[in-house]
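**Q** Sharing a model prediction with you, sequence too.
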Amino acid sequence: MLIVGSKGLGRDILGSLCAEDPHDQYYFFDNLDKNVPDLLFGRYRVYRTFEEVSQHFDTIGRNFITARGNPLKRFRINTIFKDLGGILTSVISRNATIGAHVLFGDGVIVQPEVTVSSNVIIGEGCFLNCDCIVAHDVTLGEYTTVQPGVKILGNVQIGKHCILSTNCVIMPHVKIGDKVRIGVGAIIDRNLDDNEKVGFSG
């Protein structure tokens, strides 16, 4: 598995992958931080160029996951790496609780202690961080980021490229558009249009 991004989220994903299969081979891509060593933790090869990535896909394996919290950046990176021949792959922690009839798109990240109820659709590239709850009959649009402690209650529809900040609560039957940003601890009890920004001071 190739992990795109070697910082905090990338290392979190590595932890989930190693818990599943500690003997598998994992690789990183980081062309931004020159301080990251060529062997992360003295063990995991770090690629710096797209040429190295293409060679990796041709000779080692095509599965990859992108470790970026920002939805638009995650989408753009995934598009580039799919064009290079990569296969976008989901990483779902074995310490998450997943209910019945849950449909995951490609490239979904589900961190430990996440709870997903039944009849839920989670779109491509979504990121569910630790200790969040997704209740029954919820749809998460592609590349939405759900930060720690978020509670999404029943019969909620959320659009693409949204950011739900830590500990916010989405009340039942709410519909949220695309590219919506919801602040820390906000309680959302009404529908939100595309590009709305709610719960931020100033």
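**A** Sure thing, it's come through. Numbering: from 1, shown residues only.

**Q** what's near enough to touch the residue nearest the centre of the chain?
**A** With distances taken as C-alpha atoms, centre = their mean, residue 127 lies nearest the centre of the chain, 2.3 Å away. By C-beta atoms under 8 Å, 6 or more residues apart in numbering, the contact set of residue 127 is 9, 69, 71, 74, 108-109, 144-146. Yep, even glycine has a C-beta here, placed from its N, CA and C like the rest.

**Q** Tell me the bridge partners for residue 128.
**A** Listed beta-bridge partners, residue 128: residue 110, residue 146 (assigned using DSSP bridges).

**Q** In space, what's closest to residue 57 - neighbours in sequence excluded?
**A** Nearest residue to residue 57 in three dimensions, chain neighbours excluded: residue 85, at 4.4 Å (C-beta to C-beta, 6 or more residues apart in numbering).

**Q** ok, how many other residues are close to that neighbour?
**A** 13 (other C-beta atoms under 10 Å).

**Q** Might one say that it is in contact with residue 56?
**A** No. Counting by C-beta atoms under 8 Å, residue 85 does not reach residue 56; the two are 9.5 Å apart.

**Q** Please tell me how far residue 73 sits from residue 18.
**A** The gap separating residue 73 from residue 18 is 25 Å, by C-beta to C-beta, to the nearest Å.

**Q** so how far is residue 116 from the residue nearest to residue 49 when sequence neighbours are not counted?
**A** Closest residue to residue 49 apart from its sequence neighbours, by C-beta to C-beta, 6+ apart: residue 31 at 6.7 Å. Residue 31 is 33 Å from residue 116, where distance means C-beta to C-beta.

**Q** Which element is encountered next along the chain beyond the helix or strand of the chain with the lowest mean pLDDT?
**A** Lowest on mean pLDDT, DSSP states H and E among the helices and strands of the chain sits helix 8-20, with a mean of 86. Sequence-wise, the next helix or strand downstream of helix 8-20 (DSSP states H and E) is strand 27-29.

**Q** List of residues touching the very next helix or strand once past that next one?
**A** In the C-terminal direction, the helix or strand that comes right after strand 27-29 (DSSP H and E) is strand 39-40. Residues external to strand 39-40 that are found in contact with it (C-beta under 8 Å, 6+ apart): 6, 28, 45-46.

**Q** same question, stretch 15-24
**A** 1, 3, 26, 91-95, 111-112.

**Q** how about a cut-off of 10 Å?
**A** Applying C-beta atoms under 10 Å, 6 or more residues apart in numbering, the contact partners of stretch 15-24 are 1, 3, 26, 61, 65, 91-96, 109-112.

**Q** in it, what's buried?
**A** Under the neighbour-count criterion of 16 or more other C-beta atoms under 10 Å, stretch 15-24 has 16-17 buried.

**Q** ends of it, how far apart?
**A** Using C-alpha to C-alpha, to the nearest Å, one end of stretch 15-24 lies 12 Å from the other.
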